[in-house]
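Participant: Following is a predicted model, sequence given first.
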Amino acid sequence: MSAAERCRRFRRRILDISQRVPALHIGAAFSCMEIVDAIYHELMRRDAGGGSPDTFLMSKGHGCLAQYVNLEALGVLRSADLDAYCTPAGRLGVHPDYGNPGIEASTGSLGHGLPIAAGMAIANRGRGTDGLIYVVLSDGELQEGSTWEALMMASSLGLTNLVAFVDNNDFQSLGRTSATHPSFYPLVEKLQAFGWEAVHVDGHDSAAIVRAVRARSGAAPFVAVARTTKGKGVSFMESVPIWHYRSPSAAEYAQAIAELERSS
Amino acid sequence: MRNTFAETLYRSSRDRDDVYVVVADISPAGPMAAFSAERPQRFINVGVAEQCMIGIAAGLALKGCRPFCYTIATFALYRPFEMIRDDLCYQRLPVTVVGIGGGVVYSTLGGTHYAQEDVAVASAVPGMQILAPCDPAECADATRWCVAENAGPLYLRLGKAGEPTLTADAEPWAFGRIRYLARGTDVVIFTYGIIARLAVAVAERLRARGLSVSIVSVHTLKPLDRPGIVDALKRHAHAVVIEEHGPYGGLTPQVKALAWDAAARTRIDAFTLQDAFIHNYGSHDDLLAAHGLSADRIVEVVTGPAMAAGGS
């Protein structure tokens, strides 16, 4: 199955879930869909048992529906788990909870994932294992000081087993980042100045995402600033902040599904 | 105490490859230098970046390691509080957060360096454990336990340096169990941390007045040895709490609650830091005395008439 087809099915699955529970972060999940899919389905190595020496962290925990649908497709999570999302019968909530299958760390509060990823990278290096740590950050959480603490530390320690993505949709809860925080940019240059190998990539071009990671030099921790569209794939959700939180009505759901079907 | 901690950590982790030390630009000299020289891959100085210190420790623990974070108590606990809550406690990771200078022992550095509510802050988080050894020997016991036994997040509240030995004649240390440094029949003094030396001084003066005094080190503040404390309350007509901590969220309210729940008829006199920041400077004793924590005042209150309910 092509990456485009996988991601189309993932978006549809999330829309289906949205009709059963009131609050979820569709916009944030659709924004990073191609990134998360590329990591799970192309970049992470798989052994015969379905396990991986590599680790995935969803630092932008509010986007973890994108992670859940990938874990479901890989057979790590059961469909029953996603069907019971955010209900007393289930175990999956809006943010990833360590202990659930495939969830390597609890996130949800922003600015925690990169320090944790750095610690995991140190542990892997100390053990002499070659497992990579993949971590997906929101652009908003690059406003957290703790993220920059970890950026400085990871490159200072030469953690070349760390691969990060910034889901740069330029939106946060209250609006467009480039309008509210113009000094947030430029990003790639900032990250390079902090000692990382940093590149731009189209965050909805699956092949480009994979190419960017495979082309990294390995001389420094690697970060791809992925230009994305919040709510990608559904016209009325794209770059509209309310879809950070909102769930679609029945009519909106039908329109969204129709748009996804047309795109196949 | 800090050198005892470092020496004990260095020695007890010698045969382990899973013990990491993550410091935030503060580190004990001597034995810790040996640790970092011999095991440079497992000694990480994150710089002045305490949130990163806790997050990195969490990542190490998620990959099966046993990290020790170390810096001044206020910076270890307050600055990265949410990382301690979410990364360490919510995920139940075996990380020891060492706070050096717990209480007001950095007595010339000012209120930014006085940890006078650290036990309350740490206690409030589900799953957090708290150890506060009273002397270097207890610190060594606690550190060995953290290296070998600890299975969850733990705040280790240490003093500074040069503390006297108080536990030479005490019963063996055990995690989660109160420890009698002396056994008597009239008065029991509950204390923890390095202010225990003041409890020992108070006990000596009370004995000189003919009282038989027990001294209890409540070195494990969470989980608290509730049966042990209730038993001590029931064995003594008069209890005294001496703690280097504000009046809320420390040992005092818990002892009083346990006495109420157990219907113990024990008179309880409690001596804590006040609910106020300290703008004084001087010796450790000077600061404690400024908040009424002196042997003179404690002996005067304890040997005086019982306070009216609600009095202070």
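Facilitator: Received the coordinates, thanks. Numbers count the residues shown, from 1 in each chain, chains lettered A, B, ... in the order given.
Participant: how about the nearest residue to A:Ile209, chain neighbours excluded?
Facilitator: Counting by Cβ to Cβ, 6 or more residues apart in numbering or on different chains, the nearest residue to A:Ile209 once its immediate chain neighbours are dropped is A:Ala38, at 4.3 Å. The C-beta positions use only the backbone N, C-alpha and C, and glycine is treated the same way.
Participant: what's next to the helix or strand where that neighbour lies, contact-wise?
Facilitator: Element membership for A:Ala38 (DSSP states H and E) is helix A:33-38. By Cβ atoms under 8 Å, 6 or more residues apart in numbering or on different chains, the residues outside helix A:33-38 that reach it are A:3, A:6-7, A:10-11, A:56, A:58, A:63, A:66-67, A:70, A:136, A:165, A:167, A:203-206, A:209-210, A:213, A:226, A:228, A:232-233.
Participant: With just CA atoms, put it into CSV.
Facilitator: Extracted as CSV, the C-alpha positions of helix A:33-38 are listed here (Å, rounded to 0.1, in the frame of the first residue of the first chain):
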residue,chain,number,x,y,z
MET,A,33,0.2,12.2,9.5
GLU,A,34,2.8,11.7,6.8
ILE,A,35,5.6,12.3,9.2
VAL,A,36,4.4,9.7,11.7
ASP,A,37,3.5,7.2,9.0
ALA,A,38,7.0,7.6,7.4
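Participant: Tell me the neighbouring strands of the helix or strand following it, and mark each as parallel or antiparallel.
Facilitator: Heading C-terminal from helix A:33-38, the first helix or strand you meet, by DSSP H and E, is strand A:55-58. Its sheet considered, strand A:55-58 pairs with strand A:133-138 (parallel) by DSSP bridges.
Participant: Just the C-alphas of the partner strand, formatted as PDB.
Facilitator: Extracted in PDB, the C-alpha atoms of strand A:133-138 (Å, rounded to 0.1, in the frame of the first residue of the first chain):
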ATOM      1  CA  ILE A 133      15.300   7.600  18.800                       C
ATOM      2  CA  TYR A 134      12.700   9.300  16.600                       C
ATOM      3  CA  VAL A 135      10.800  12.200  18.100                       C
ATOM      4  CA  VAL A 136       8.000  14.400  16.700                       C
ATOM      5  CA  LEU A 137       7.800  17.900  18.100                       C
ATOM      6  CA  SER A 138       5.100  20.500  17.500                       C
END
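Participant: in it, what's buried?
Facilitator: Across strand A:133-138, burial judged by 16 or more other Cβ atoms under 10 Å in any protein chain shown covers A:133-138.
Participant: State the mean pLDDT of it.
Facilitator: Summarised as a single mean, pLDDT over strand A:133-138 is 98.
Participant: what comes into contact with that strand?
Facilitator: Counting by Cβ under 8 Å, 6+ apart, residues outside strand A:133-138 touching it are A:28, A:32, A:35-36, A:39, A:43-44, A:54-60, A:62-63, A:110, A:113-114, A:117, A:120-121, A:124, A:147, A:161-167, A:172.
Participant: and the residue of the stretch 101-250 of chain B nearest chain A?
Facilitator: Relative to chain A, the nearest point of the stretch 101-250 of chain B is B:Gly127 (12.6 Å; Cβ to the nearest Cβ).
Participant: okay, that residue: pLDDT?
Facilitator: Value listed for B:Gly127 in the pLDDT field: 98.
Participant: near chain A, which residues of chain B show up?
Facilitator: B:17, B:20, B:41-42, B:44, B:46-47, B:49, B:51-52, B:54-65, B:67, B:80, B:82-83, B:86-87, B:90-91 (Cβ under 8 Å from any Cβ of the partner chain).
Participant: Got a quick PyMOL command for the buried subset of those?
Facilitator: The PyMOL selection below is limited to those of the residues of chain B next to chain A classed as buried (16+ other Cβ under 10 Å):
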select buried, chain B and resi 20+42+44+46+49+51+52+54+55+56+57+58+59+60+61+62+63+65+67+80+83+86+87+90+91
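Participant: Tell me which of the residues of chain B next to chain A fall in helices.
Facilitator: Taking DSSP state H as the definition of helices, these contribute B:51-52, B:54-62, B:82-83.
Participant: all strands of chain A, in order?
Facilitator: A:55-58, A:133-138, A:162-168, A:171-172, A:175-176, A:197-202, A:222-227 (DSSP state E).
Participant: Please apply the same query to chain B.
Facilitator: Under DSSP E, chain B gives strands at B:19-23, B:43-45, B:66-72, B:96-100, B:129-131, B:154-157, B:179-182, B:187-191, B:213-217, B:220-222, B:238-242, B:267-271.
Participant: Thanks again, I'm all set now.
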